[in-house]
Structures are given as C-alpha cells and as structure tokens.
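**Q** My questions concern the predicted model and sequence given below.
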Amino acid sequence: MKKGFKKNIGLLHLWLGLGSGLIVFIAALTGSILVFEKEIDKAIHPEYYNVTTVGTTKKTIDYCADILEKQYSIKKITRIYTFSDPSRTMQVLGKDSDKKAQFFSIDPYTGKVLATTPQEKRFFVFVLKIHRQLLLGETGQIIMGTSCLIFVFMLISGLILWWPKKIKNLKQRLTVKWNASFKRVNWDFHSTFGFYSFLILLIIALTGLNFAFSWFQNGVYFVADGTTKKSSAKVKNPTKIDPKLNHTAFYQGIYNKADSIFPYTGNIQIRMPVDTINSILVLKEYSEITIPNQSSAAYFDKYTAKEIEARPYENFSNGDKLRRLNYPIHTGSIYGLPTKILAFLVSLFALTLPITGLLIWLGKKKKVKKNSKF
C-alpha cells in the first residue's frame, strides 16, 4: 500500500510538474529579479531616490502638486510618498488629462521635478505584472495562482518522494554525487537541493497564494482572528458631495495631521481613493523597526481633509499584522540583506526545478524505449 501510494504521488508529481513547469520557471525568474527591486532601480535611476543637495526647508506638498498640475497636466494625484531620510526625493503618482498614470520624482526642497516616466513603462512594474498576472489580467492571475497552488503540492510530494525508505540511506540523499554521470548528478541536484530549499520555497509559495486568492487570505484571517473580518478595512467617506472648499494646503494639512497623530519618525504615504466611496488612507511606517511594512493608518475626508479615524499599528488584529508581514516574507526583505540573499538563491534554484525535472522524465522515457527494443 505504501509502495502504491508513493507511486501515485510520483505520477502526480511528474504530470503536474510537466504541466506547470513553464509557469513556475517564469514565476521564479521574475521573483528572483524582484527580490532586489529597490537596490537595482536605485542603482539604475538614482534621480528617483536622492536629491543632489539637501536643503534646510521643504516646500509644501501642495506646492509640488501645483507644479505637476500646471507643467505636466496632472489632473488627479493618486499616491504621494514622503521619506524621513532628508536626502530622499518625494515620489508622486498621478494621472494626466488622458487618464494615464505618471510617476514623478520631486526635489522636496525646491519643488523641481527631477524625473518622470509613465507608470506602465517602469521596468519593475512590467516585471511585477508578469510575476502576478502573466500580462493577462485576472485570467493570468488565476493561472499564476493555480500554478502556485500546484507548486505547493510539488514541494510536499517532492519531499515524500525524497524521503528514504531506510535511515541508513539518508546520508546518500543529503549529498550530490558530483563525479557520477550527468543523469545521476541531475537527479541528485533536483532532489537534494529541493530538500534543502523546501521550507523557504514553501513559505514563498504560501505567501504568494495570499496575493492570488481572496479565499486564501480570508483563511489566514480566520486562523489568526477567528473571523474573516479585517480591522484594516477601508473607511467610507462621510462627505458624499464635494463642498468645493478653497483649500490652500490640502495635502500638506493631511500630512501634518497624520504626522502629529503618530509622533514617531517614519515614512508617510498618502493614498487617494480610486473610487467615489472611500476616504483617503495615510500610512506612517515605523522606520526605527527593522521589519518593514509595520505602519499605522489614519483616514481623512477626501473633500474636507478632516480626520475620520486613526488606527495605530499595535491595535491591528493578528490577521492584519500577518497580512502586513506577507509582502516582506514573500520577497525576503523581512530581515534585510541576509534574507533577501536567501530568497534570491532559492528563487534561482526554483527556476531550475522544471528543467531538471524535465530531464529526469526524458531520461526515464529514453530508458523505457531502449528496454522495449529487447
């Protein structure tokens, strides 16, 4: 029975691997690139990250937004990124008169636009779309998510197939016999390093499912909180009609209020709602904490700029805190450079799995054909 079970697992491992191999290769390749997204982008495009001269006084956010409206025909601001580091630029995402998203880098001391590019043409935006959706929208997201689910099974089934029948054979399974034939080295490389990278790849795959499927995310919330209700859910805007108030410091006023609500040093991000229902979300990150994505949230009326609600990070539910940790865990940025290197290396190994697995299958197929001649 055990032999039959392992045989069936082997067949599923083989055919599911062959069916999802190309998608796994693409996901692993793009994922390994995205691990060092910030480092690579900063090296290639430093003008989006640092000012040439650190000044003494910063211009207001509204002053900078006004320049974008007048000089670049930006009709709607969607995101504003400000940083506690005095050498950093301000980053703004806005839509022009053609409703196309434009990404800007602004010197906060002068208000000068240092660089701009269409959001869709940014290299890492393109790579992320491949990684999550294969450039196919919702259909691609389902394909990627399903392949990720299959990959989780592949990892678990691979561990079952790797597991030796006898303990005395364990040492053999833990090493690669480099001086053997190519066929043996290929098999050892696939199975042995698959075992060593099993846990990290499983964590990456499971956190990837959180991006692909709402049911998986709801499951995480249910396990953590006993409910699928999110404490960080969006807040509806109390003002239903724009009163057309004459704001002279709309964005800066929101920034100042959020900064005073959470009196600690940290980067601040202003997110304008994409719909007509919800309010403005402002996130302030704990820059003193090494683990990223730990941000408190405040909500503001998108018409009057009045504070609606403040939600300190420590008041978030366990489910919300896990959700905030999902991205840094998935990308390997949770503990900085060491975990990034680890995520990068196992992602590179993951893209070899479909190739070495295919070679194992072709080798067995060739052997069957050879034996059938006699």
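**A** Perfect, I can see it now. Numbers count the residues shown, from 1 in each chain.

**Q** contacting residues for the residue nearest the centre of the chain?
**A** In the chain, the C-alpha nearest the mean C-alpha coordinate belongs to Tyr327, at 4.8 Å (C-alpha atoms, centre = their mean). Residues in contact with Tyr327 (C-beta atoms under 8 Å, 6 or more residues apart in numbering) are 207, 292-293, 333. Yep, even glycine has a C-beta here, placed from its N, CA and C like the rest.

**Q** tell me the mean pLDDT for the helix or strand encompassing Asp62?
**A** Applying DSSP states H and E as the criterion places Asp62 in helix 61-72. For helix 61-72, the mean pLDDT works out to 96.

**Q** tell me what the helix or strand that it is followed by is packed against?
**A** Remark: after helix 61-72, the chain's next helix or strand is strand 74-82, criterion DSSP H and E. When contacts are defined as 3 or more C-beta pairs under 8 Å, 6 or more residues apart in numbering; DSSP states H and E, strand 74-82 sits against helix 61-72, strand 90-96, helix 250-261, strand 268-271.

**Q** relative orientation of strand 74-82 and strand 90-96 in degrees?
**A** Computed with axes from the mean of the first three to the mean of the last three C-alpha atoms, to 10 degrees, the direction of strand 74-82 lies at 160 degrees from that of strand 90-96.

**Q** ok, the contacts of Tyr327 vs Leu12, which is closest?
**A** Thr207 (23.6 Å; C-beta to C-beta).

**Q** That closest one - nearest residue in space that isn't next to it in sequence?
**A** His330 (3.8 Å; C-beta to C-beta, 6 or more residues apart in numbering).

**Q** Number of residues surrounding the one you found?
**A** 22 (other C-beta atoms under 10 Å).

**Q** oh, and call the first residue 10 from now on, that's how I've got it
**A** Okay, residue one is now 10; in that scheme the one you just asked about reads as His339.

**Q** how about Ile350, what does it touch?
**A** Residues Gly341 are the ones in contact with Ile350 under the rule C-beta under 8 Å, 6+ apart.

**Q** So it versus Ser41, what's the distance?
**A** Distance of Ile350 to Ser41, given as C-beta to C-beta, to the nearest Å: 11 Å.
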